[in-house]
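Student: Predicted model and sequence follow; I will ask about them next.
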Amino acid sequence: MAHLSRILGGLIVVSGKPRLILCEGVKTAIERSLSSRGPREYDVVVVGGGIVGAASARELKLRHPKLKMAILEKEHEMAMHQTGHNSGVIHAGIYYKPGSLKAKLCVEGMHLMYQYCDEKKIPYKKVGKLIVASDEVEVGRLAELHNRAIQNKVPDIKMLKGVEEIQNIEPYCVGLEALWSPHTGIIDYGLVTKQYGVDFKEKGGEIYLNFEVNGFGQSSDKNYPVLIRAKDGQSVKSKYVLTCGGLQSDKLAELSGCPRAPRIIPFRGEYLLLNSKKASMIKGNIYPVPDPRFPFLGVHFTPRMDGSVWLGPNAVLAFKREGYRWSDISLSDLVDALLYPGFLKLAVKFMLAGSQEVIKSAIPALQVRSLQKFVPSITAADVERGPAGVRAQALDMSGSLIEDFVFDMYKGQDGAAIGSRVLHCRNAPSPGATSSLAIARMMADKLEDQFQL
Ligand SMILES: Cc1cc2nc3c(=O)[nH]c(=O)nc-3n(C[C@H](O)[C@H](O)[C@H](O)COP(=O)(O)OP(=O)(O)OC[C@H]3O[C@@H](n4cnc5c(N)ncnc54)[C@H](O)[C@@H]3O)c2cc1C
């Protein structure tokens, strides 16, 4: 009997009320049998339960409570990829070109994020951030960043001169000058995304987990013309679709007839973990002055919500789109990247820097050396290998990394084709998590406009 109940689940009593607990297999079987009664119908379906998809679905549902909406996520939980594998920094908007969408959405997104977390009681820490210049070239670049930050209206930004002023903020940090951003914070974006999901469900939205979309087709129902198929045979019908697929965003776009480019090239960012004795030396985020020739911000010290300190991330080609270790290899993802003309051009351009990153990945002591510039008392003996994230980096055919958002939709002559009902967000780069609530507003505007909602 006990054995049977382990297989099927069982009836248990919680707070005086009987509850039926089902094991995973039974749950899946019931879900399948429900879905085999015919696809369920929605006004708008969002594919992708990362922070961008969840925030956008939530925003649209709040604006239009009567819309019947669903989120489809291929994993067994939301936020399993970029959103759950990042530095967890609430950026203040320093780096981005004044007037750009990134600058606007980041600053707006930061304010919205703090306000939202206060409302929902999601923990965060405003630990601040130092961007430290270690030589004269970096001092010049830092002045430009300061200028940008002022134009972007980053609140309370301040330039610090000399070691004494720097050490008033970070007692173990050295440098010539530093930019201090007191409103930069840290947070767990996985928690934030799950809360977006809760808000969405409270308003009547539905979330399907383990639903891996592998096709968009024409349904026979004129009212719900888009048939969204999953790998395991489930399906739902919808009037309109938004995809926010992160590392898979280009593949989802291709499924509704969009072109291959821009392609997603996965770049893994590996972190080192500072041991607990040294972790207390780091109060806030400490970043280098970014080298404008490279797209990423450079390896940095990032305190985490749990009190640990991560060092990184570097940037190496991932051999699998969701490959968090060197041993994660997908032949099809690898061939896909290597045969893309844009990747070959990028590889030639960054041959030297790319090889250095690979060497640093193999020998963490070399990565520590670049961090000793700011905190000299940290040694290779103080670190161990930590987690990693994979960036969905959109790359155009000429080998240029795409900085901004990319939206795409089937542009064939036959306006009635289902592709014209499926909008894809093909690129939502960092600081996409910080900006998520601002991005969601932009997405909702776009959906209202595109589909006359
Ligand atoms: C190493 C690293 C560090 C970063 N640091 C920061 C930071 O400190 N601060 C910051 O603001 N931003 C940071 N970012 C950027 C930020 O994480 C991303 O901009 C953001 O998470 C993008 O969210 P997303 O929803 O677009 O993508 P994702 O979180 O990747 O979500 C996409 C979702 O789509 C799902 N999906 C894909 N294909 C399908 C399918 N066929 N069917 C169903 N579901 C599908 C995936 O399973 C996934 O859940 C960092 C990113 C990385 C990788």
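Tutor: Yep, that arrived.
Student: average pLDDT for the strand or helix carrying Leu352?
Tutor: Assigned by DSSP states H and E, Leu352 falls within helix 351-362. Averaged over helix 351-362, pLDDT sits at 90.
Student: Touching that helix from outside, list them.
Tutor: 270, 293-294, 314-317, 326, 347, 366-367, 370 (CB atoms under 8 Å, 6 or more residues apart in numbering). All C-beta atoms are positioned from the backbone trio N, CA, C, and that covers glycine.
Student: OK, now which residue of the stretch 351-453 of the chain is nearest to the ligand?
Tutor: Proximity of the stretch 351-453 of the chain to the ligand (CB to the nearest ligand atom) peaks at Gly432, 2.3 Å away.
Student: Contacts only, for that residue.
Tutor: Gly432 sits next to 51-52, 82, 439 when contact means CB under 8 Å, 6+ apart.
Student: what about burial for those residues, which qualify?
Tutor: Listed as buried from those are 51-52, 82, 439; burial here means 16 or more other CB atoms under 10 Å.
Student: okay if I get those as CSV plus distance to the ligand, pLDDT and secondary structure?
Tutor: Output for these, formatted as CSV (distance: CB to the nearest ligand atom, whole Å; pLDDT from 0 to 100; DSSP: H, G, I helix; E, B strand; the rest coil):
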residue, distance to the ligand, pLDDT, secondary structure
Ile51, 5, 98, helix
Val52, 4, 98, helix
Gln82, 3, 98, helix
Ile439, 9, 96, helix
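Student: returning to that earlier point: farthest-apart pair in the contacts of Gly432, please.
Tutor: Farthest pair in those (CB to CB) is Gln82 and Ile439. Separation: 13.3 Å.
Student: what's the next secondary structure element after the helix holding Leu352?
Tutor: Using DSSP H and E, the helix or strand that follows helix 351-362 in sequence is helix 364-372.
Student: Can you tell me what sits against that following helix?
Tutor: If you take CB under 8 Å, 6+ apart as the criterion, helix 364-372 is touched by 272, 288, 299, 301, 311-312, 314, 359-361, 378-380, 382-383, 385.
Student: Can you tell me which of these end up in helices?
Tutor: Mapping those onto helices (DSSP state H) picks out 359-361.
Student: Just the buried residues from those residues, in PyMOL please.
Tutor: In PyMOL, selecting the buried portion of these, with burial taken from 16+ other CB under 10 Å, looks like this:
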select buried, resi 360+361
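Student: State whether Val45 is indeed within a strand.
Tutor: Yes: counting by DSSP: H, G, I helix; E, B strand; the rest coil, Val45 falls inside a strand.
Student: Tell me who's in contact with it.
Tutor: Going by CB under 8 Å, 6+ apart, Val45 touches 69-72, 226, 228, 236, 238, 240-242.
Student: List just the nearest of these to Gly284.
Tutor: Of all the contacts of Val45, Gly284 sits closest to Ile71, with 34.1 Å by CB to CB.
Student: Contact partners for the closest one?
Tutor: By CB under 8 Å, 6+ apart, Ile71 lies in contact with 45-49, 53-54, 57, 78, 197, 200, 205-208.
Student: which one of those is nearest the ligand?
Tutor: Lowest distance from the ligand to the contacts of Ile71 (CB to the nearest ligand atom) belongs to Gly48, with 3.1 Å.
Student: where's the closest residue to that closest one other than its chain neighbours relative to Tyr116, distance?
Tutor: In this structure, Gly48 finds its nearest non-sequential neighbour in Cys244, 3.9 Å apart by CB to CB, 6 or more residues apart in numbering. For Cys244, the distance to Tyr116 equals 18 Å [CB to CB, to the nearest Å].
Student: quick one: which of these two has more around it?
Tutor: Per other CB atoms under 10 Å, whichever of Cys244 and Tyr116 has more neighbours is Cys244, with 28 against 18.
Student: what residues are up against that one?
Tutor: Cys244 touches 46-48, 50, 52-53, 56, 425, 428, 443, counting by CB under 8 Å, 6+ apart.
Student: residues from the stretch 301-450 of the chain in reach of the ligand?
Tutor: Applying CB under 6 Å from any ligand atom, we find that the stretch 301-450 of the chain lies next to the ligand at 313, 389-391, 428-434.
Student: Glu202: neighbour count?
Tutor: 10.
Student: how near is Ala149 to the ligand?
Tutor: According to CB to the nearest ligand atom, to the nearest Å, Ala149 and the ligand sit 16 Å apart.
Student: Which residues of the stretch 151-300 of the chain lie near the ligand?
Tutor: Contact residues, the stretch 151-300 of the chain versus the ligand (CB under 6 Å from any ligand atom): 211-213, 244-248, 252, 269.
Student: still on that earlier bit, out of the ones in helices among the contacts of helix 364-372, who's nearest Asp336?
Tutor: Comparing the ones in helices among the contacts of helix 364-372 against Asp336 with CB to CB places Ser361 closest, at 21.7 Å.
Student: Skip the chain neighbours and tell me the closest residue to that closest one.
Tutor: Spatial nearest neighbour of Ser361, chain neighbours left out: Val316 (5.2 Å); criterion: CB to CB, 6+ apart.
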